[in-house]
Structures are given as structure tokens and as C-alpha cells.
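Chemist: Next one to model:
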Amino acid sequence: QIADSDRDFTVFTTRPDTLYGATYCVFAPEHPLVAKITTDEQRPAVEAYVADAGQKSDLDRTDLAKTKTGVFTGAHAINPVNNEKIPIWVADYVLMGYGTGAIMAVPGQDQRDWDFAKVYDLPIIRTVQPPPDFDGEAFLGDGPAINSGFLDGLEVDDAIAAIIEWLAERGSGTPKVQYKLRDWLFSRQRYWGEPFPVVHTDDGEVVPLPEDWLPVELPVIDEYKPTDDGRPPLARAGDEWLRVELPDGRTGTRETNTMPQWAGSCWYYLRYLDPNNENEAWSKESEDYWMPVDLYVGGVEHAVLHLLYARFWHKVLYDCGLVHTTEPFAKLFNQGMILANSYRDAGGKYYHPSDVEERDGRFFLKGSSTELEAQIEKMSKSKLNVVNPDDVISAYGADAMRLYELFMGPLEVQKPWQMKDVEGVNRFLQRVWRLVVDEESGALNPRLSDAPAAAEPELQRTLHKTIKKVTSDTETLQMNTAIAQMMIFVNDATSTKTLPREIISTFLRLLSPFAPHICEELWQRLGEEELIAHAEWPSWDAELVKDETITIVVQVNGKKRDELQVARETEKEELERLALASENALRFMDGKEPKKVIVVPGRLVNIVV
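Modeler: Residues are numbered from 1 along each chain as shown. The predicted structure follows:
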């Protein structure tokens, strides 16, 4: 409902449980209500913003790396769950052709809404409780509802069901299945697009080509541009290719439009299963063996474009009995974008980083007093901030670049490229090299020994913890924390008196997927004959990964007041004695005698007073 008006509008959301956290609404610039609800005071700014948005493509408007922009309409909406007035904004990241063209913004649970709220100083209310160690911005995971009235304490699925029922009873909402399918545009004609296998007959019909004429191969043409009168490039092919006689004797002209590479991208993964099959697109045996795809890694923009169409095609193929799975991809992972520093002057001109120098935390054009604005942005040729992989590889090698990209942070988040951090990763790889190779002689490091791993028990323990950590983190795509654990191992391995070959060769197997070239070289130098890429992944010993000391939380009346570092086998009586002697615990007991002491071995001691 528009405040102080009889008008209302509809939003679509997959998370109605977060309604209590909706602190503003956003309309697409094209929304029909924009002109009607904008106040006179805000009208000039809104009209200028709408006109500017009309010059941008949908891809530009929804670019996740761009700074969010918007303008306040002056109007407010009424949140149906708490009757709070919340402002209505216009922003170009909301599209009229997607959903209803209006959204409820919940910055506590949506990153785009968070970014927008931070830019315009709008309220942020969390409606899902993050875990204690969460230090991010918008929390996108599951958890109990908070700040949500009657929903508080419910898990996400239960909260969604409850709020849908509540809204439906009051006529404020209704459940609906909404597909994120967008128009598939073939307007950008390319010669190399997939040709349509149809013919326009001279008597006015459009008919498919006979199956034994497939596939249609593109003709050789002299020029790949559209014709002067605007026809597609295939119109240049000449009658030898364009004109055909069908088996029934009719003649006609081939369709000259193409599908601009989207068609092939919808089923290429199936052809990859059987690329040399000359009789069919793929064999049933290969499809049965390989499908579905276990993991698909791609940018988030693919989820509602290419991947959605690929799913559509796959489901058609399933209905035709040509594939045995209803879905092509078992799991989708969206990696974050790597950003880079850009530098521009007051007039908006960009400068290459090599032309910039830092002075006292500010940036200037080298050899001048021209101060530059530094921003972390999407890499772009126009902003002169593209990092050339060839330059990085030339300076540090492919392993350092590969390892740094995995070490930058969680794979799913955006992060800025920092060349000094590449140098840090390169130093780590040099330390790995020196574990095996003597720097002065080039021979094997004299610290290497043929003794069993148990000869260095502490390092053996660190190794098995590293195996467990790297295995677990790799399976969950937490590459940065896996690498951090391997750095811990290298630190420990550098300081031991000897280095059993058994330990270092096992470690190289862990590191090799992350830094394959250096590991393959060191593996060969250790005398191994097969490729490390073919070596078996190591396993850990459960006894060796147990910590000798553990952390025990000390609580007073259920609240954490201290921590104790104790031996794993410490008895309950000793844990109780240590907890009661804790200075922090005594301070919060305030001289009172404990009514009881609850000891949970291996975890905590709770003193009740």
C-alpha cells in the first residue's frame, strides 16, 4: 500500500519470512507508478534519473560490480507486517521485465540491498540470526528468525510457510511459482551462430530440413558483416547454398538468421561427453555414465541466463527420452569477481597504475601535484585497471598466480587484486622449494631423511591435521583456508631438525592441485617415477589429528566468562577445580557460593550461583 493513498503495488519475493527487515522499497525506473507517486519536490531528480537509466542496457544495470545508484521518490509504502512507513526509491538495478518491477529491500539478508542501503544511509535490520563467527555484511544463509515478531525462533522454511499463511489470511499476499525466464534475443546476428535448419518454400511454407541433411554447416563467405540492406551475413552465401530443392520436389530458400551461439551453449556439455561420435550427438552409454554434471562453476549472471536456458533444453531432451536426468547440473557455484584499483582525476580521466604514486596514503600522478581518486572497481580496459595474466606469470610463474587467486578469500565473494599479495604467495612457494632443494648447491636438501614420519612426531601430527583440513576445505570449495593450513605446515616443516621424505612427499600431493608445476618438479627430484597428478590422495590418521590440548569454556549462569587450555584427558574433578579458581569466573560469582557445577567433558564448565 502507498502511504496516504489508495494505490497499492505488488512485489515478488522468495523470502517473505524477511518482511520484518524490509526497510525500503525500490521501483524499476520504468514502473508505471513512478510518475504518479513522485512528489513535486523530488520530480526533477527522479525524471533525470529515469532518463539516464533508459540509456543503459539490462546487463549494465545489473552489473554486480558497479556502485548502486538510485533516487528517492518522496513517497512511502506501508509494510504489511508491522504497518511501518518505508521509503520508495527508484533504482536501475531493478528491471521492469523481471518479477513485478518492484522489490521490497531487505539489506540484512540481501547483498545488493545492503550495498544500496550503505550508499544512501538506509536502515538495516537482520531477520535471520547469523552464526557467532559471521563477520560479513548481508547474511545469505539459514538460521532462526530474529526481529520478526511472531516468526522469531522459526527456521527459514518454517518461517516462510507461516508468513505465507498469515499474508494469505489477510489478503496481503499469495504463494506463486515464478520462473526467472527472460527473453532470449537473437537480434545480434553473427555469421558463426547456429543456422536454423528450415527452408522457406517458394509456395509460402516454412518447413524443416530432412533429418539426414543435418547438421547444417555454415557456408564459406567472403565477408562476415550484414548486407548493406540489413540482411544477416548468411544472405551473402549465394544461391548455391541458399537455394535448395526438397525431396518432394519443391524449391525454397534457407533461413539466413542464426541463433547467436546460445543454442550450442545450451547442450555443449552433452557433446563434450562424446565429441568424436560421428553418428549421433552423444551415445546413450556416455550420457548414462557421465551425467549429471557434478559441479558447475560460473558467474552469478549465468544463473538466470545461460544456465536457465540450458536447463530448459535439457528438460525438453528428457521429455524426448534422450537424457536420463531431469536436471543437467547437480550443483552450481557462483564465484566472485576479481576487482582492481582504478585511478582517475577530477575530470574523470583514468590513469594506468604504473603512472600513479602513493604519498602519505593519497594517490598522485607521478611527478605532479595532480591528486587522483582511487577506487576498487570491475576490471575494464576503459579504466586502465586490467591485470594482464601474462605479466603476472612472467614475473612470478603460473603457480603463484593460480595459488594467489585461490588464496584471495572465499571464492564466492568479490575481492580486489593486490600485487603485493602475489609476492607473498610467491615467497611461500619459494619456501616450499627450499624444503626439498638446497638453495646453494641445487642438490636435495641435506635435512631430508629416509626415517619414518614418526621420527618427527610433532610435524607428523601437523601433517595429518593438514591432510584433514585441506581435504575437507577442498570438498567445500574453501580453498583459501586450505592454503592457510598448508602455510602452517610449511612454517613447522622449516624449523624441524630433519625432514622425513615420507612427510614432504605426502605434503606435495596435497599442494599439487593448487600449485601443480612446482610440485611435479619437486616430486621428480625426490625420485618418484609416476606423475604426482596420478598419485593417490593422502588420508589422515584419526589419532594423530586429535589436539593434545583443548579449550574449555567457563560459564557463570550460562554466560561465557573465561576459557581454559587443558590437556585432552583432564578429569571432570580437575576441570571443576580449575573453573572455580578462574579469576574471571570468581569476579562474576561476586563472592557467592555455587549451587552446582555442570561439567561437559571436552567442552565447558557451567557454574550456577
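
Chemist: which SS class is G74?
Modeler: With DSSP: H, G, I helix; E, B strand; the rest coil as the basis, G74 sits in strand.

Chemist: any idea of the pLDDT on it?
Modeler: Listed pLDDT for G74 reads 97.

Chemist: what separates the residue nearest to it when sequence neighbours are not counted from I2, distance-wise?
Modeler: Nearest non-adjacent residue to G74, counting by C-beta to C-beta, 6 or more residues apart in numbering: T39, 3.1 Å away. C-betas here are computed from N, CA, C, even on glycine. Per C-beta to C-beta, to the nearest Å, T39 is found 12 Å from I2.

Chemist: and those two? which has more neighbours close in?
Modeler: Shown here are T39 and I2; by other C-beta atoms under 10 Å, I2 has more neighbours (18 against 11).

Chemist: Roughly how far does that one sit from E41?
Modeler: On the measure of C-beta to C-beta, I2 and E41 end up 17 Å apart.

Chemist: so who does D239 touch?
Modeler: Contact analysis of D239 by C-beta atoms under 8 Å, 6 or more residues apart in numbering lists nothing.

Chemist: Now do the SS call for the residue of the chain most remote from its centre.
Modeler: Here the chain reaches farthest from its C-alpha mean at G249, the gap being 55.3 Å by C-alpha atoms, centre = their mean. When classified by three-state DSSP, G249 comes out as coil.

Chemist: Just the pLDDT at it, thanks.
Modeler: 95.

Chemist: contacting residues for it?
Modeler: G249 touches nothing, counting by C-beta under 8 Å, 6+ apart.

Chemist: What does it show for phi and psi?
Modeler: Main-chain dihedrals, G249, degrees, to the nearest 10: phi 90, psi -10.

Chemist: Could you do A455 as well?
Modeler: Here A455 shows phi and psi, under degrees, to the nearest 10, equal to phi -70, psi -20.

Chemist: repeat for T38
Modeler: Torsion angles at T38 (phi, psi; degrees, to the nearest 10) stand at phi -70, psi 130.

Chemist: The one 10 residues further on too?
Modeler: Here the main-chain torsion angles of A48 (degrees, to the nearest 10) amount to phi -70, psi -40.

Chemist: what's the distance between it and G54?
Modeler: Taking C-beta to C-beta, one finds A48 at 11 Å from G54.

Chemist: Am I right that A102 is in contact with A22?
Modeler: No. The pair A102 / A22 is not scored as a contact, 11.7 Å apart, by C-beta atoms under 8 Å.

Chemist: For these two, work out which one has more neighbours and name it.
Modeler: Legend: neighbour count by other C-beta under 10 Å for A102 and A22, higher for A22 (27 against 20).

Chemist: ok, for that one, nearest residue in space, not its chain neighbours?
Modeler: In space, A22 is closest to M104, 4.1 Å off (C-beta to C-beta, 6+ apart).

Chemist: Over to K572?
Modeler: V599 is the one closest to K572 (C-beta to C-beta, 6+ apart), at 4.6 Å.

Chemist: so is the residue nearest to A22 in a helix, a strand, or just coil?
Modeler: strand.

Chemist: what's the answer for the one 4 residues further on, then?
Modeler: Reducing the assignment to helix, strand or coil with three-state DSSP, the entry for G108 is coil.

Chemist: Correct me if wrong: R236 contacts I221.
Modeler: Yes. Contact criterion C-beta under 8 Å: R236 and I221 qualify, at 4.8 Å.

Chemist: More neighbours: which of the two?
Modeler: R236 (19 against 15).

Chemist: Could you list which residues are in contact with that one?
Modeler: With C-beta under 8 Å, 6+ apart, R236 has these contacts: 221-223, 227.

Chemist: what do you get for K469?
Modeler: 481-482, 485.

Chemist: What's the separation between it and T496?
Modeler: Distance from K469 to T496, by C-beta to C-beta: 19 Å.

Chemist: For the stretch 451-600 of the chain, which residues score under the pLDDT cut-off?
Modeler: Counting by pLDDT under 70, the stretch 451-600 of the chain contains no low-confidence residues.

Chemist: quick one, helices of it?
Modeler: Using DSSP state H, counting those that start in this stretch, the helices of the stretch 451-600 of the chain run over 457-475, 479-494, 501-511, 516-525, 572-580, 583-589.

Chemist: List the buried residues for the last one?
Modeler: In this case it means helix 583-589. Using 16 or more other C-beta atoms under 10 Å as the test for burial, helix 583-589 gives 585-586, 588-589.

Chemist: Check those and tell me the two furthest apart.
Modeler: Using C-beta to C-beta, the two most remote members of the buried residues of helix 583-589 are L586 and F588, lying 7.6 Å apart.

Chemist: Report the rounded mean pLDDT for the strand or helix carrying V316.
Modeler: Per DSSP states H and E: V316 is located in helix 306-319. Mean per-residue pLDDT for helix 306-319: 91.

Chemist: Going by contacts, tell me the helices and strands next to that helix.
Modeler: helix 262-265, strand 296-298 (3 or more C-beta pairs under 8 Å, 6 or more residues apart in numbering; DSSP states H and E).

Chemist: hey, which of these is tucked in deepest?
Modeler: When the helices and strands packed on helix 306-319 are scored by mean count of other C-beta atoms under 10 Å, the highest mean neighbour count falls to helix 262-265 (a mean of 16).

Chemist: where does the chain dip in pLDDT?
Modeler: Using pLDDT under 70, the chain drops low at 64-65, 179-185, 187-188, 261.

Chemist: the domain parsing of it - what is it?
Modeler: As given by automatic domain parsing, the domain ranges for the chain are 16-169, 194-262, 266-334, 419-534, 549-608.

Chemist: Out of those domains, the one nearest A400 is which?
Modeler: domain 419-534 (4.3 Å).
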